Every structure is written in structure tokens, then in C-alpha cells.
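S.K.: Sharing a model prediction with you, sequence too.
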Amino acid sequence: MSKTFYITTPIYYVNDVPHIGHAYTTIAADVLARYHRLKGYDVFFLTGLDEHGQKVQQAAQKAAMDPKAYCDRLAPQFQTLWKRLNISNDAFIRTTDLKHKAYVQKTLKALYDKELIYRADYTGWYCTFDERFWTEKDVVNGLCPDCKRPVEQLSESNYFFKMGQYQDRLVKYIETNPDYIRPRSRSNEVLGFLQKPLEDLSISRPKSRLSWGIDLPFDSNYVTYVWFDALVNYVSALEYLRPSPSFERYWPANIHLVGKDILTTHAVYWSTILMALKIPLPKTIFAHGWWTVSGEKMSKSRGNVVDPHAIVDEFGADAFRYFLLREVPFGQDGDFSREALIGRINTDLANDLGNLLNRSLTMIERFAKGVVPEPLATTDTELDNLLQQTAQEMLRTFDIHLGSLEFNRALEAIWSLVQLGNQYIDKSAPWTLAKKPEDKPRLNTVLYNAAETLRFLCLALYPFMPQAAEEMKRQLGLVLNFSKPLLSAEITWGGVLPGTEIAKGSPLFPRIETTKTQGDARVTQDQQPAPSPTDQITIDEFRKVSLRVGLVTAAERVPKSTKLLRLQVDIGTERRQVVAGIGTKYVPEDLVGKRVVIVANMKPAKLMGVESQGMVLAAGEEEVTALLTTMDDVPPGSKIK
Ligand code: MSP
């Protein structure tokens, strides 16, 4: 019997359309689900909607709709988004499903029969937004300690779950299971919360105040508290959304992914409910951080809510998926901005990964008639060994990082191979090998190794960027089936078959042109004062600039300009036309055959009507005093770092 992996996202309130926060958890869960399927696990990936409670009732009222009709109208917004983001959930639960409702009632009845639910009068401070009571000592200046909105005093008769009696057991459980609540800092936070006496939990709402919910099976004047209803989804889904006996098969869930704001409800409410029901606890509850938008809290009133549909329209699902998981360590807060997203696309995706694929396939086309050539049987050059070892090592570290939900580090491991692949090509210089027939065997080996590196990358990228991985697979002519577990031969070096026909296509990630004109940035940069410490940049920012060695193959003056020269520059995989303001210092003849330093990811710009596809680096203030070159004759296209 195969190993199982059950992963869940929170079920989202249908009081509004989905935003980046919803997309974040769901994408993270999808990466883990895809990864485990590749590893041969029988995966159950559950997501869905939380459709009861005050928030949804109010939203429906505002839209002048019946709550169920309102939910039916909004549910497809989530389902469509998950399709567009290539979310591979196995089931989609809605808490208005009749079978879920029946399961919740069955659960409540079981607890009631065991006398773990009792009725009592209660006076407390109620937060409408969080739909919960607080005690006198929790409330600070009349505000909810959680959302900081005003609370109101309410006296009500309600049903309570005897949560308090599980306090010691829960504390002990968390202390002895350090992986139960992750990251570790969150586990400590929950333990801190549990230092105060744990009260019983009100699990009902009188219908006079809230009617949109599941009827209590033992008192029809009440509906179920929305959090009790919602948390139960994690087991009710196993009852009716999978063939039986799925509870035995998938429970305990491996991971409940949640945002940090809903950790207490999961770590305390859900854990104690499960204890009362004598159901084993999930293996891990992982709380991730929150996204701000361009440094600000995301909110409707600020008008800065990030609409994932719009991001997918503009940049595609894969770039969005990549960005969210690469930009911040999972568990920490992060900041979303268009600039940061575009930066990642242009640098990591277009420049590093896209370029490696593009140049490798171009060379296989040009030097091997579009067919992956046979490598030399024994290739023990240091360069080849390093590439091969790094590829194998990448898959190993990738496993470790994904196992600990360190998505950003898993992606870093992939990118270290991307970078090495590019260096491998630079150093092996296939364009030079192609000039001499006696170098043909070496050329073939280099081309083969480049294709094999890309195959490794394709495998590791699949959980994160399924569309891009499929496209890479197609262009590389690979026979890989991502819907089947990977075979051991597939994760061993040498899997690409010589003779495979490649099918080079359009770039995987086209560079995004930004609206600011960058073409003549140097002119203004020249006049900048020396950077102050606050102008310092990080290594990641520096890496956004793609600097390459270029070989000048032709040069001429731009007509009617004393300053501008038009250069043709070979940058390894392609030739660029670059217009440079160096004509008062150099004559064109001086430049042909010289190596220059090119900013290769500069947005093309027109200078006196001539397109410039890059920028050469030069010293000087107003006038250029010296063109930058390299000490040694490295191959064109070599990366400068
Ligand atoms: N319905 C409850 C969950 C019940 S689970 C049994 C709920 N729904 S929600 O729609 O309000 O929020 C769902 C998730 O979105 C939470 O995990 C929350 O952390 C996450 N996010 C909401 N805004 C967010 C950001 N700005 N950034 C990251 N995630 C955020 O709570």
C-alpha cells in the first residue's frame, strides 16, 4: 500500500472575492501536493469554502441576496482562480454541502451525549468581526485584542464545549511534539497563550442574532458557531468527498496550512475538539506569514487588495507562483509589489532560467542539427563532474528543504544549478569548440550535459511552475510523465537519450518591459553623488543587472552624431546592436575585436532613431574617459558578477 499525504488549506470565507492571501496558502499546498505525488505518495489535497456565519450573512445582506444564493454566486470565483493558478486539489468542500452539515451535527451530538457540551448563561465582550467572546481581562480600552475593533457587552445563554479541561493535555502534547506547530516560534506563541487559564468555548449562536448556520441537533433555537462548523471540514471531507474508507487511509492529516492569524483556532480549538472526539491530532499545523502590499497593510479601504486574476492576466500563473514562494521564507511576513515581481521575472526567470534553456537549445540546433548528441563515454573533466554532482545534490537538498517547507531554499537550490549551467556553457565555449572538427566529441558532450542539466531542472521546477515545466519538457523532447511517480532512473544523471529531437519554442518567460525608460540611465547615473549608506543595495538587487562580456564585431558612427557609435556585439548566444555615447573618445576601428562589458537586460531604447539592445559600461563623468574591458580573453557571453 502506498504512503499517503493529506494536506489542507483553510476554507476561505465567501464574503468577498479571493485575494493574494488566499492564493498564497493554496499555491503552497499545491506545490507540496504535486511534489508528494511525484514522490509516489497517494495524495489528498483539500481546499474549499467556509460559507456560514456572520461575515457571509452580512455580505449577502449587503448584496440583497439570500445567503446560499450569494455563496453559489461567489464560489466559482474561487474555483476559477484555482484552475487558472493550476491548483491540483483533489476535492473542494463547501460547508453548505448537506453531507458536511450532517457530519457537523453528528459530531456535536456525540460531544453532547458525552456531556462535553453544556448550556450556560454568559456575559462577555463580543467582537462581531471575529465572531467571538472575550473576557474582561482580554479587552483593552474597549477593543478586541485580536482585530482591535470595538467590542460590545452581550449577555446570552449559549452552549459551551468543555475546552478548558484539555488545557494540560494540550500543553504537554505541544511540548512533546515540537513539530506539531510550526515554525517553532509559533509553537512557543501558542504555549504562551496557554499559560492563561483556557476557558470553555461557546459553540452556539442564538438564531435571534445569527440565523445563517447549521442548526444545533439538540436545540433548534441555535446555530453552530462558524469556527466549529469550519474546523470539522478537515474530517467531514474524508467522509464524503473520497471513496470510503478514506478516514482510515488519510487521517491524521499531514499538514494543515494556515495563516498566522488563524493559528489559535487550529492549534487550540481544533486540537481540543479532536481530543474530545478521541481522534488523533494532525501531524503538523504550519502557520505562514502575511503579505503587505508595497509596504502597506492590504485592505479594501486602502484600495490595495491584490487581485490574483489580474496578476495571472499580466504575468501568468507560474511567475506568480514562483514569486510568492521565492520572495520570503515561508512562515515570515512578506511584501508584495509589482516592481519586486517584475524584478524576479526578469532576473531569475527570463535571464537565468530562460536564457539557459534558450541558449542550450539554440546551440543544439546550430551545432547538432536539433538532436541531443551522444556524449563521450568517459568525461571526467572537473567541469563536467561538478555539473553532474551539483545536479544530483540539487535534488537531494531540494527534498530536504521541501520536507521542512522551506520553499525559498528549495528554489535557491534549483537556481544554483541554473547558474552553474550557465557558467558551464560560458566556460566550455561550445561556439569555439564548433570551429574545429577535432573538438566535435567534446562539443557533443557539452551539449548533452546542458540538455541533461535542463532535464534535472525541469523535474525540480514542476511542483512550483507546472506550466513552465511542461513547456521545458516539450522543448527538450523529454518523455516524462508528471502525473506518475518518478522512477529512480529519472532522477539519475544520464536520463536524456542521445538522439532526442528538441523543439525549440518561444522564450519560457519573456522579459517584462517596465514603463520607465532605462535606455539612457547611465547619463543620469554619471552625475550621481557617491552612494550614502542608505543608498546601499543588496546582493540580490545587484544580481538583477545582467552583466556579460561582449565581443565587438562591427562598429560605425551613427549618422549626424559626434557622440554615438553603433556597435554589433556578440554576447555568446546572440548578437546585439548597442548604441554607445563613446564617439568623442574612440573611433570605430579601435573597437572591433575588443571585449566590452554589456548590461544585457537593459530595456531596448532608441537613440537618434537607432535601436540599442543593451548598454556598454564606461568610466567618466560628463565625458567618457575609458571603456571597460576584461583582463583576459574570456568567451563572449561570460557572466560578470
Ligand atoms: N474561514 C476562515 C478559515 C477557516 S479554516 C477551518 C478564514 N477565512 S479567510 O478567508 O478570512 O482567510 C483565509 C486565510 O487567508 C487565512 O489563512 C489568512 O491567514 C489568509 N490571509 C488573509 N489575508 C492575508 C494576507 N494579507 N497575507 C497572507 N495571508 C492572508 O479565516
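M.R.: Yep, it's here.

S.K.: Could you find the closest non-adjacent residue to the residue in the stretch 351-500 of the chain that the ligand sits nearest to?
M.R.: Residue of the stretch 351-500 of the chain nearest the ligand, by Cβ to the nearest ligand atom: residue 407 (14.3 Å). The way it works is simple: take the backbone N, C-alpha and C, and place the C-beta from them, glycine included. Leaving aside its chain neighbours, residue 407 sits nearest to residue 325 (3.9 Å; criterion: Cβ to Cβ, 6 or more residues apart in numbering).

S.K.: Looks like residue 472 contacts residue 457 (just checking).
M.R.: Yes - using Cβ atoms under 8 Å, residue 472 is in contact with residue 457, at 7.3 Å.

S.K.: neighbouring contacts of stretch 223-232?
M.R.: Applying Cβ atoms under 8 Å, 6 or more residues apart in numbering, the external contacts of stretch 223-232 come out as 11, 50, 52-55, 95, 100, 103-104, 107-108, 131-132, 161, 201-205, 207, 210-216, 265-266, 269-270, 273.

S.K.: And it, how far out from the chain middle?
M.R.: Centre-to-centre, stretch 223-232 and its host chain are 30 Å apart (Cα atoms, centre = their mean, to the nearest Å).

S.K.: got it, and stretch 554-569?
M.R.: For stretch 554-569, the distance to the chain centre is 44 Å (Cα atoms, centre = their mean).

S.K.: Contacts for it next, please.
M.R.: 550-553, 575-584, 586, 588-589, 591-592, 596, 598, 607-608, 610, 614, 616, 636.

S.K.: Could you list the low-confidence segments of the stretch 1-150 of the chain?
M.R.: Along the stretch 1-150 of the chain, the parts satisfying pLDDT under 70 run over 1.

S.K.: Next up, the contacts around the closest residue to the ligand within it.
M.R.: Going by Cβ to the nearest ligand atom, the ligand is nearest to residue 21 of the stretch 1-150 of the chain, at 2.4 Å. Neighbour list for residue 21: 259, 290-291, 298 [criterion: Cβ under 8 Å, 6+ apart].

S.K.: Quickly find the element holding it.
M.R.: Assigned by DSSP states H and E, residue 21 belongs to helix 20-38.

S.K.: That helix: what's the following helix or strand?
M.R.: Next element after helix 20-38 (DSSP H and E): strand 42-50.

S.K.: Can I get that next one in PDB, CA atoms only?
M.R.: This file holds the C-alpha atoms of strand 42-50, laid out as PDB (Å, rounded to 0.1, in the frame of the first residue of the first chain):
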ATOM      1  CA  ASP A  42      -1.200   8.800  -2.500                       C
ATOM      2  CA  VAL A  43      -2.100  12.500  -2.000                       C
ATOM      3  CA  PHE A  44      -5.300  14.000  -0.800                       C
ATOM      4  CA  PHE A  45      -5.300  17.800  -1.200                       C
ATOM      5  CA  LEU A  46      -8.300  19.500   0.200                       C
ATOM      6  CA  THR A  47      -9.400  23.100  -0.100                       C
ATOM      7  CA  GLY A  48     -12.800  24.800  -0.100                       C
ATOM      8  CA  LEU A  49     -15.100  27.400   1.300                       C
ATOM      9  CA  ASP A  50     -16.400  28.500   4.700                       C
END
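
S.K.: packing partners for that strand?
M.R.: Helices and strands touching strand 42-50, by 3 or more Cβ pairs under 8 Å, 6 or more residues apart in numbering; DSSP states H and E, are strand 4-13, helix 20-38, helix 67-84, strand 91-94, helix 226-231, helix 233-240, helix 246-250.

S.K.: Which ones among the contacts of stretch 223-232 also lie next to the ligand?
M.R.: When contact is defined as Cβ under 6 Å from any ligand atom, the contacts of stretch 223-232 meet the ligand at 11, 50.

S.K.: Give me the residue ranges of the protein where confidence is low.
M.R.: Applying pLDDT under 70 to the chain picks out residues 1, 379-380, 515-535, 622.

S.K.: Next, the nearest residue to residue 57 once chain neighbours are set aside: secondary structure please.
M.R.: Nearest non-adjacent residue to residue 57, counting by Cβ to Cβ, 6+ apart: residue 212, 3.9 Å away. Here residue 212 is recorded as coil under DSSP: H, G, I helix; E, B strand; the rest coil.

S.K.: Look at residue 212 and say how many residues are nearby.
M.R.: Around residue 212 there are 24 other residues, counting by other Cβ atoms under 10 Å.

S.K.: quick one: it from the ligand, how far?
M.R.: Using Cβ to the nearest ligand atom, to the nearest Å, we find residue 212 at a distance of 14 Å from the ligand.

S.K.: Near the ligand, which residues of the stretch 101-250 of the chain? Just list them.
M.R.: Of all the residues in the stretch 101-250 of the chain, those lying near the ligand are 230-231, 233, going by Cβ under 6 Å from any ligand atom.

S.K.: ok, those vs residue 354, which is closest?
M.R.: Closest approach between those and residue 354, by Cβ to Cβ: residue 233, at 40.4 Å.

S.K.: residue contacts, the closest residue in space to residue 87 that isn't next to it in sequence?
M.R.: For residue 87, ignoring the flanking residues on the chain, the nearest one in space by Cβ to Cβ, 6+ apart is residue 30 at 4.8 Å. Neighbouring residues of residue 30 by Cβ under 8 Å, 6+ apart: 45, 85-89, 321, 463.
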